[in-house]
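Student: starting from these lines, generate the structure:
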Amino acid sequence: MVRWIRLRINMMPIVSGLAEPLCDVIILSLHSSWAFYHFLGFNPYYFFIGHVILNCVLDYINLRNIQCGPLLFSKFQFIYVWFFREILSTWTFIEAFIQPRTITWGARTYQVRLGGHTTLMRDETKKCKS
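Tutor: A predicted model of the protein is given here:
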């Protein structure tokens, strides 16, 4: 996942590097709860919890509609995995921003330039002698 985010950051830096992390549920809930507190006086803790729960419910409804029937897992499993994924997605973006120009794939390390162009930096694969 980190490799893919690094590649997308270099291909579309404004969209993947700035807009996409701000649309994650945790970050978006923090920003919107602060804004609603600052401008409208809402309690930020209640707004944050309500915003996260609303996103979780809407994702569940969306998944049910896409699957056209009952899901193969319980609602509790969905909620657990949904929260786990939302927390990890924020961490994955942070990890991708640490070294956005290098991608390690197997034993090879690539340098990525803007536009998604790559050059091989290091190749540590074992070569067969024929």
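Student: switch to C-alpha atoms for all contacts and neighbour counts from now on
Tutor: Will do.
Student: neighbouring contacts of the helix or strand hosting residue 21?
Tutor: Using DSSP states H and E, residue 21 sits within helix 20-22. Outside helix 20-22, the residues that touch it by CA atoms under 8 Å, 6 or more residues apart in numbering are 27-28, 90, 93.
Student: most neighbours out of these, which is it?
Tutor: Within those, neighbour counts (other CA atoms under 10 Å) peak at residue 93, which reaches 19 neighbours.
Student: just give the nearest non-adjacent residue to the most centrally placed residue in the chain, would you?
Tutor: Taking CA atoms, centre = their mean as the criterion, residue 89 is the residue nearest the geometric centre of the chain, at 3.6 Å. In this structure, residue 89 finds its nearest non-sequential neighbour in residue 24, 7.6 Å apart by CA to CA, 6 or more residues apart in numbering.
Student: rewinding a little: quick one: which two of the contacts of helix 20-22 are the most distant?
Tutor: 28 and 93 (14.2 Å; CA to CA).
Student: so where's this protein shaky on pLDDT?
Tutor: 126-130 (pLDDT under 70).
Student: so which residues of it form helices?
Tutor: 2-11, 13-14, 20-22, 25-40, 44-67, 75-98 (DSSP state H).
Student: just the ones you listed: most buried one?
Tutor: Highest mean neighbour count of the helices of the chain: helix 2-11, a mean of 20 (counted as mean count of other CA atoms under 10 Å).
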